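Participant: quick one: sequence plus predicted model below, questions after.
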Amino acid sequence: MFGRQSANGGGRGPQFPSIPRRRMELTRSYAPDWILVIVITGCFYFLDSIHGYWREFSLTEPSIQHTFTEKERVPNWMLGVLALVLPAVLMPVINAMTIRSWWDWHNSWLGLLLSLSLTAVLTQTVKVTVGRPRPDLIARCQPKQGSQDTSPYGLVTASICTQTDMSKLKDGFRSFWSGHSSLSFAGLGFLSWYLAGKLRVFDRKGHTFKSFLAIAPLTGAMLVAISRTMDYRHHWHDVLVGSTVGLLLSFFAYHQYYPSLASSYSHSPFSPRIYPDELRIHRHAPSSVPLIGGYMDHTPDVEGGSGYDHEREGPVPPVTVPRDAGSEPVPLHHIGQQ
């Protein structure tokens, strides 16, 4: 797709990367990101296997005397479907209905995994270090007959428990903060930001229907969070903090790959980070066709264009690259994916 052309039309100018080479550059640049989110996810399962800290508790504390719910309203497998599978399926569909970009597909999945992996590891780290008793701890513990709070402070340890299922007892000290709440908001929250960007909800024109669509995933996450108090798995504080953390991390992850929702270009992902190096060749290529599309938050060193200006928001200006006769302009976020 990219050929050679001289400044006067008869010589030979700089050679631009071919599509296969472009793909290889993109792979080398973003493979570490994919590997890292997978490694971070593995850390979550490692943290889940350790013993962790178990706090002292009182046998007369009403907040931990609730019934142990055998069948949860949202079990772990369903949480995985809602927080991971559902957004991963819906975002390519939304992509196909809007900008139809392979690069957007890549960024949406990578951003989703970043949101979930960060939330999972941070949540599990806090759980195993805080060691807060769940509302159903005493039912899990099954204290020895005749057990009483010790004096003078009225607290006991897990040594009074007769529970033989150690995984069940260990999980009883992982109330803060709620993992279901944080992960549901991390996954469905990312989907909500994605929808808001694609629908351009914040374009200052007012869209009631679009607003309802964008907020729908957050409603689902909220119901998942509420179910944790209904099953007596968490105190309300655990759910509130977990939901807040998940939503904030989804917002953070989303903006690693997409511009502000208030931007006129909120529907487009950021350009590939290897883009500027290729633009630098442009200064030596006066005979050309436009390279269309993309959105950058940095300024490439090229003649005739300043990229994205933080003070004056805007798209990447038309940039030109040499081509062979008959070739077509290539959208920036499609390069290497055709």
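Facilitator: Nice, thanks for sending it over. Residues are numbered from 1 along each chain as shown.

Participant: for the chain, which helix is longest?
Facilitator: helix 19-49 (DSSP state H).

Participant: what's the first helix or strand after that one?
Facilitator: Counting by DSSP states H and E, the next helix or strand C-terminal to helix 19-49 is helix 76-80.

Participant: shaky segments in the stretch 101-250 of the chain?
Facilitator: By pLDDT under 70, the stretch 101-250 of the chain has no low-scoring segment.

Participant: apply 80 and report the result again.
Facilitator: 151-153 (pLDDT under 80).

Participant: if we can go back for a sec, may I see the buried residues of the longest helix of the chain?
Facilitator: Neighbour counts using 16 or more other C-beta atoms under 10 Å place 22, 25-26, 30, 37, 40, 44, 47-48 of helix 19-49 among the buried residues. For the C-beta atoms, the positions are set from N, CA and C on the backbone; glycine is no exception.

Participant: and it, what's its mean pLDDT?
Facilitator: Average pLDDT, helix 19-49: 89.

Participant: any chance of the buried residues of helix 19-49 in TSV, plus distance to residue 265?
Facilitator: Shown next, in TSV, are these (distance: C-beta to C-beta, whole Å):
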residue	distance to residue 265
22	22
25	24
26	21
30	21
37	26
40	29
44	34
47	38
48	40
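
Participant: which single one of those is nearest to residue 273?
Facilitator: Closest approach between the buried residues of helix 19-49 and residue 273, by C-beta to C-beta: residue 30, at 8.3 Å.

Participant: measure that closest one to residue 251 for me?
Facilitator: 21 Å (C-beta to C-beta, to the nearest Å).

Participant: now residue 269: closest residue in space that isn't a chain neighbour?
Facilitator: Nearest non-adjacent residue to residue 269, counting by C-beta to C-beta, 6 or more residues apart in numbering: residue 107, 4.2 Å away.

Participant: if you could redo that for residue 199, that was the one I meant.
Facilitator: Nearest non-adjacent residue to residue 199, counting by C-beta to C-beta, 6+ apart: residue 210, 4.4 Å away.

Participant: which residues does that neighbour contact?
Facilitator: Listed by C-beta atoms under 8 Å, 6 or more residues apart in numbering, the contact partners of residue 210 are 199-201.

Participant: tell me the two of the buried residues of helix 19-49 that are most distant?
Facilitator: Farthest pair in the buried residues of helix 19-49, by C-beta to C-beta: 22 and 48, 40.0 Å.

Participant: these two touch, right, residue 48 and residue 124?
Facilitator: Yes: counting by C-beta atoms under 8 Å, residue 48 touches residue 124, with 5.9 Å between them.

Participant: between those two, what contacts are shared?
Facilitator: Contacts common to residue 48 and residue 124, judged by C-beta under 8 Å, 6+ apart, are absent.

Participant: burial count for residue 226?
Facilitator: Residue 226 has 16 neighbouring residues, counting by other C-beta atoms under 10 Å.

Participant: that one belongs to a helix?
Facilitator: Yes: the assignment for residue 226 by DSSP: H, G, I helix; E, B strand; the rest coil puts it in a helix.

Participant: ok, now which ones touch it?
Facilitator: residue 239.

Participant: and it, how far from residue 205?
Facilitator: 33 Å.

Participant: distance of residue 109 from residue 85?
Facilitator: 12 Å.

Participant: so which of the two has more stuff around it?
Facilitator: residue 109 (17 against 11).

Participant: show me how the protein divides into domains.
Facilitator: Following automatic domain parsing, the chain resolves into domains at 1-49+279-338, 52-254.
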